[in-house]
Each structure stands twice: as C-alpha cells, then as structure tokens.
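**Q** prediction below, plus the sequence it came from.
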Amino acid sequence: MEAGQSTEGGSRPDGQCRLEKAAWTPDFAGVGRLLGFVMLAAPAAAVLAGIVLVPQYAQLERLKHQRDCLAARTSEAQSVVIGYDRLIAAAREDETQVKRLAMSQLGMQPRNEIVVLDRDLPSATPPTLIVPAVQPLPPAPDDWIIRLEPKMTNPRIRLGLALLAIGCLTGAVFIFALPNTRPRKADTPQPLAPDGMKSEE
C-alpha cells in the first residue's frame, strides 16, 4: 500500500502529524518591561512639562495679581467720582456748601459774616477734598510653583534638566519599549496516534 493512503480499520494516513498548543502562561516579562518604561518615562515627562509650564504658570499668576490690584485701584477711583458727584449735587442746593467752596477755592469771604476758625475742634475735611475708600491690595502670589520658577528660568538648569529628561526617555524607549526580537520557541509537532488511542508523553 502506498504511503499517504488511508488504511483499513480507520487508521490515519502515514506521515501526518499535528501541533499541540501549549498552555497559556502570564507574560511576566512584558509586565516588567511596562513597569520599567513607566518608571523612566513618567518622571522624564514630568520634568519636561515643568520646564515648559512652570514659567507660564508663574506669569499667569502675576497677571492675575496685577488684575486684582488694578481692580482695587479702580474701585478707589470710582469712590472718588461718586464723592465729587455728591459734592456737585450738594453745591447746587446748599448755600453753605457754596460758601465753603468759594472760601476754599477762591479765597473769598462773605461780606456780612465773620468766619471763625476754632482750632479746638477736630480738623474737618476741606469741601473740595474727597477721601476715597481705601481698598486693600491683594497679596502677591507665593506658592511653591512660584518659588520654583526662578530655577526653571535659569538657562543652565533648564538645559541640564532637558538633557536629563531626554536621556531618560531615550533609555526607556530603547530598553523597554522596543519589541522583543528574540526568537520564540516553536511548537513541537506531535505524531498522530491511531484512532481510539491517545498519545502518551
């Protein structure tokens, strides 16, 4: 009988073989490579982000502080404007206020009246002087990122940190991120046993 033809009794053709798949095992090496990549790449990315973002954050906080200071000064100026509006409105209706303005601004004295300055009385605010409501200025920003900003803007420190971060990223890529090129162990072909029998190892 020629090889390759089926035999009587249901036996399988000669020379045939089958591949038995190995049982699945967890890839601890892949997990280790991932952890190593994260441990190197994450700090390097954080350093690069700090080099770029810390100066911008500090500048943003200073701009916010300037905005708040301008808002406080604007509020003071608005209180002065409101005070002068009230002064003008009172001068139109109050004769005494008009006399006070004439004496303080033009040095004029009423003819039939005597103006007495009592120095025992507390000094009154001149009628043309408006005292604004003092608005406290907000404190300057002073957190740890602001204190770190001078170091991040130093050219030598920035260059050193950038080189260190780039080196860590390069090492993480070449050591852990590149695919494993080692040949995998091929499945061993197992010969087929006759029908009704199992191969024993």
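**A** Cool, the structure landed. From a predicted model like this one, the values you see are computed outputs, not experimental measurements.
**Q** give me the neighbour count for Phe28.
**A** For Phe28, the neighbour count with other CB atoms under 10 Å is 8. For the C-beta atoms, the positions are set from N, CA and C on the backbone; glycine is no exception.
**Q** helices of this structure, residue ranges please.
**A** Ranges of helices in the chain, per DSSP state H, are 28-93, 95-101, 144-152, 155-172.
**Q** mean pLDDT lowest for which of those?
**A** Comparing mean pLDDT across these, the lowest value falls on helix 95-101: a mean of 73.
**Q** show me what it is packed against.
**A** If you count contacts as 3 or more CB pairs under 8 Å, 6 or more residues apart in numbering; DSSP states H and E, helix 95-101 packs onto helix 28-93.
**Q** same for the helix it packs on, what does it pack against?
**A** helix 95-101, helix 144-152, helix 155-172.
**Q** can you list the buried residues in the second one?
**A** Yep, that's helix 144-152 we're talking about. For helix 144-152, the neighbour count (16 or more other CB atoms under 10 Å) marks Glu149, Met152 as buried.
**Q** what's the answer for the longest one, then?
**A** Buried residues in helix 155-172, counting neighbours by 16+ other CB under 10 Å, are found at Arg158, Leu161, Ala165, Cys168, Leu169, Gly171, Ala172.
**Q** turn those into CSV, columns for distance to Phe28.
**A** As requested, the buried residues of helix 155-172 are arranged in CSV below (distance: CB to CB, whole Å):
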residue, distance to Phe28
Arg158, 39
Leu161, 34
Ala165, 29
Cys168, 24
Leu169, 25
Gly171, 21
Ala172, 19
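**Q** and which of the residues you listed is nearest Gly50?
**A** Leu161 (7.7 Å; CB to CB).
**Q** quick one: contacts for the residue lying closest to that closest one once chain neighbours are set aside?
**A** Distances taken as CB to CB, 6 or more residues apart in numbering put Val47 closest to Leu161, at 5.3 Å, once the chain neighbours are dropped. Counting by CB atoms under 8 Å, 6 or more residues apart in numbering, Val47 makes contact with Leu161, Ala162, Leu164, Ala165.
**Q** and for Ala91?
**A** Counting by CB under 8 Å, 6+ apart, Ala91 makes contact with Gln97, Val98, Leu101.
**Q** which of these has the largest number of neighbours?
**A** Leu101 (18 neighbours).
**Q** closest to Gln135 out of the helices of the chain?
**A** Among the helices of the chain, the nearest to Gln135 by CB to CB is helix 28-93 (4.0 Å).
**Q** tilt between that closest one and helix 144-152?
**A** Between helix 28-93 and helix 144-152, the angle comes out at 110 degrees (axes from the mean of the first three to the mean of the last three CA atoms, to 10 degrees).
**Q** all numbers from here: first residue = 34
**A** Sure thing, new numbering starts at 34, so read that last one as helix 61-126.
**Q** and the gap between the spatially closest residue to Cys201 that is not a sequence neighbour and Arg189?
**A** Once flanking residues are discounted, Cys201 sits nearest to Ala77: 3.7 Å by CB to CB, 6+ apart. According to CB to CB, to the nearest Å, Ala77 stands 19 Å off from Arg189.
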